[in-house]
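Engineer: Show me how the following folds:
(one chain, ligands or ions: 2)
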Amino acid sequence: MVNMTAGNEREADDLFKEFRETSITEFFRKNRAHLGYSGKLRSLTTIVHEIVTNALDACEEAGILPEIQIGIDSLGVEHYRVSGSDNGPGIPIKHVPDVFGKMLAGTKFHRNVQLRGQQGIGVAGVTLFSQITTGKPIKVKTSTGNGKVHEIELMIDITKNKADILKHEEYSEYWRGTGIGIEVKGVKFNLGERGPFEYLRRTAIANPHTRITFIDPEGRKTIFDRSSEKIPKPPVPVRAHPKGLEVDEIINMAKATKARKANSFLVTSLSRMSNAKVKEIQEYVSFDLDKNPRKLTWSECEEIINAIEKTKFLAPSMEGLEAIGEEHVRNAVLNILDPEFEAVLTRPPKVHSGGIPFQVEVAIAVGGQAGRNVGEGTRYELMRFANKAPLLFDAGGCAITKAVSSVDWKRYGIKDFENSPVTVFVNVLSTHIPYISAGKQSIAEDRKIMKEVRFALMEVGRRFQLYHSRKRRALEKEAKKQILLRYGSELASALAQLSNKNEEKIRKALQKLVDERITGMDLEEEEANESEMETMLEGESEDDSEIPEADFTTEEE
Ligand SMILES: Nc1ncnc2c1ncn2[C@@H]1O[C@H](COP(=O)(O)OP(=O)(O)OP(=O)(O)O)[C@@H](O)[C@H]1O
Ligand SMILES: [Mg+2]
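Structural biologist: Ligands and ions are numbered 1, 2, ... in the order given. Model (predicted):
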């Protein structure tokens, strides 16, 4: 046999002695920044975010008005205990180990549903962070309201991505909900704009039906009370839309289907796929759609995708989307910012890549408490939300931030936008938010999403422009009136002397004249100004010609 290696070279067999599989938990232990555990403040906020989003999702699905308690106790330098509890539906005991001790396990990933959580990683990430910074388990108390309460302590067996139960007690009590407690080190608490307090404050703004009680490390208690008793509609899962599907997705879905024939598989697995549409698809493909879906080959699925491209479908159903609503957003904005001007807008739903429905809500507040106080003045503030969960980190790469910067605010009368007392609120809702990373703090630059945010902001910008120019005119009018009245009063006294008539009567007559003139002037000017502004804003139409629209029909079949 010829020896192929020479000098310092090593043989493949030797190198591959190191080859082994890694568990997902092992991966995140080494790369915890992907989950949001980078930086002392951010790590603490991430823990609160995971607990609160889970509580709100669980309550929303169960139709319960959420009551959430969060406590952060200081146990030493950069050492805290975080506890959270909710009045949600509780977790059936057989699922508790996987919820807290296994990554990529949950009720949301596979469902295409508008919830705050998506991946099945969040709370197991909290367990992992607790265990790698303090070596302590997560403590869980949960009950589904069946009279049995379970208290469990567990850690994750990292190499197996599996829970390691250290303690399990069961006792009788009528209570329902879930509570967790963890100990973490190397984190920091503060009241700043990226800390847990601000996270909870913004959660309360976007979730007016929620009551959150927070006790901070100094023992201060804050109650973010609910301003609405209305429970949002439980989210409805939406089936995938044919447009935007890929071959691999069809193959995967076909493996999981209970349907016996490919044609009924297509109808039952996809939205907007009727029997009539399947007949159209049959015309384009070279094989019989009566076949077993599990036997579909890659090239047959390619044929299906090509046929879908040639067929028109109704746009995706929007029933899976539930916005906060203009009234609630307005109340929240007015409540916390008491602005001089505010405008709120919810855009009609649209679809982003892959035929996934989404919707955008925006608000703008100017003056009052709006904006961010920085030492030397006030700067603009952006409040980003995805499915009503605040996004406090990674603003730079986020589609929302980019859409806000793409708007020419000068055009709407906000000259120095960056340094103005302005708060912009943006919430993106979708059955699948395209996050940049598992830490879920930033939305990927999907063109359709950016376009919708931009149009919504342009519209509220236009409303500000109208308000602003009316206000400017009112000020100018008042200034003119004051000048005329001053002259009027001097004139009245001179006329009184000359004519020997009552000065007060003359003054009143002159004042009436000034009032009439100013009002008349105002009406004329207003008409002229408004038509001038309309012409100016016409150029700002929603020109999206360069963005290809999905090929949807608009009429019901
Ligand atoms: N407080 C809770 N009440 C009821 N069920 C919960 C609660 N917290 C978690 N769960 C269940 O545990 C699952 C796993 O939660 P986890 O936070 O790990 O993932 P997720 O919320 O599905 O997605 P993400 O990783 O995006 O947060 C959830 O899908 C949910 O079914
Ligand atoms: Mg979660």
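Engineer: contacts and neighbour counts: CA atoms only from here.
Structural biologist: OK.
Engineer: mind showing which ranges of the stretch 401-550 of the chain have poor pLDDT?
Structural biologist: Applying pLDDT under 70 to the stretch 401-550 of the chain flags residues 518-550.
Engineer: Show me where it has its helices.
Structural biologist: Ranges of helices in the stretch 401-550 of the chain, per DSSP state H, counting those that start in this stretch, are 447-499, 503-538.
Engineer: interface residues of the chain facing ligand 1?
Structural biologist: Residues of the chain lying near ligand 1 by C-alpha under 6 Å from any ligand atom: 50, 54-55, 58, 88-91, 99, 105-108, 117-124, 178.
Engineer: and this protein, what are its domains?
Structural biologist: Split into domains by automatic domain parsing, the chain comes to 24-224, 247-314, 326-465, 470-538.
Engineer: returning to that earlier point: which stretch among the helices of the stretch 401-550 of the chain is buried most, on average?
Structural biologist: helix 447-499 (a mean of 16; mean count of other C-alpha atoms under 10 Å).
Engineer: And stretch 401-420, end to end?
Structural biologist: With C-alpha to C-alpha, to the nearest Å as the measure, stretch 401-420 spans 16 Å from end to end.
Engineer: same question, stretch 404-412
Structural biologist: 13 Å.
Engineer: So what touches that stretch?
Structural biologist: Under the contact criterion C-alpha atoms under 8 Å, 6 or more residues apart in numbering, stretch 404-412 has outside partners 415, 416, 417, 453, 454, 457, 458, 461, 462, 464, 465.
Engineer: same question, stretch 439-450
Structural biologist: In contact with stretch 439-450 (C-alpha under 8 Å, 6+ apart) are residues 33-36, 351-353, 358, 391-395, 397-400, 402-403, 433-436.
Engineer: contacting residues for the residue lying closest to residue 401 once chain neighbours are set aside?
Structural biologist: Spatial nearest neighbour of residue 401, excluding adjacent residues (C-alpha to C-alpha, 6 or more residues apart in numbering): residue 395 at 6.2 Å. For residue 395, the contacting residues are 401, 441, 442, by C-alpha under 8 Å, 6+ apart.
Engineer: for residue 395, helix, strand, or coil?
Structural biologist: Classification of residue 395 by DSSP: H, G, I helix; E, B strand; the rest coil places it in coil.
Engineer: Same question for residue 373.
Structural biologist: Secondary structure, three-state DSSP: residue 373 is strand.
Engineer: what does the one 5 residues further on give?
Structural biologist: Under the three-state scheme (three-state DSSP), the conformation of residue 378 reads as strand.
Engineer: Contacts only, for the most centrally placed residue in the chain.
Structural biologist: Central residue of the chain (C-alpha atoms, centre = their mean): residue 386, 1.0 Å from the mean position. Residue 386 is in contact with 116, 427, 428, 429, 433, counting by C-alpha under 8 Å, 6+ apart.
Engineer: How much space separates the residue nearest to the fourth one when sequence neighbours are not counted from ligand 1?
Structural biologist: The shortest distance from residue 429 to any residue other than its chain neighbours is 4.6 Å, reached at residue 387 (C-alpha to C-alpha, 6+ apart). Applying C-alpha to the nearest ligand atom, to the nearest Å, the value for residue 387 to ligand 1 is 11 Å.
Engineer: and if you look at residue 512?
Structural biologist: Following C-alpha to the nearest ligand atom, the distance that separates residue 512 from ligand 1 is 67 Å.
Engineer: nearest to residue 288, of the contacts of residue 386?
Structural biologist: Checking the contacts of residue 386 against residue 288 by C-alpha to C-alpha gives residue 433 as the nearest, at 36.3 Å.
Engineer: Run a quick neighbour tally on that closest one.
Structural biologist: Residue 433 has 26 neighbours, counted by other C-alpha atoms under 10 Å.
Engineer: Then residue 131?
Structural biologist: Residue 131 has 20 nearby residues by other C-alpha under 10 Å.
Engineer: how near is it to residue 150?
Structural biologist: Remark: distance between residue 131 and residue 150 (C-alpha to C-alpha) = 21 Å.
Engineer: again, but for residue 471
Structural biologist: According to C-alpha to C-alpha, residue 471 stands 62 Å off from residue 150.
Engineer: And residue 257, by the same measure?
Structural biologist: Distance from residue 257 to residue 150, by C-alpha to C-alpha: 36 Å.
Engineer: Show me which of those two is the more surrounded one.
Structural biologist: Neighbour comparison, residue 257 and residue 150: the larger count goes to residue 150, with 20 against 17 (by other C-alpha under 10 Å).
Engineer: is it true that the more buried one touches residue 171?
Structural biologist: Yes: the pair residue 150 / residue 171 is scored as a contact, 6.7 Å apart, by C-alpha atoms under 8 Å.
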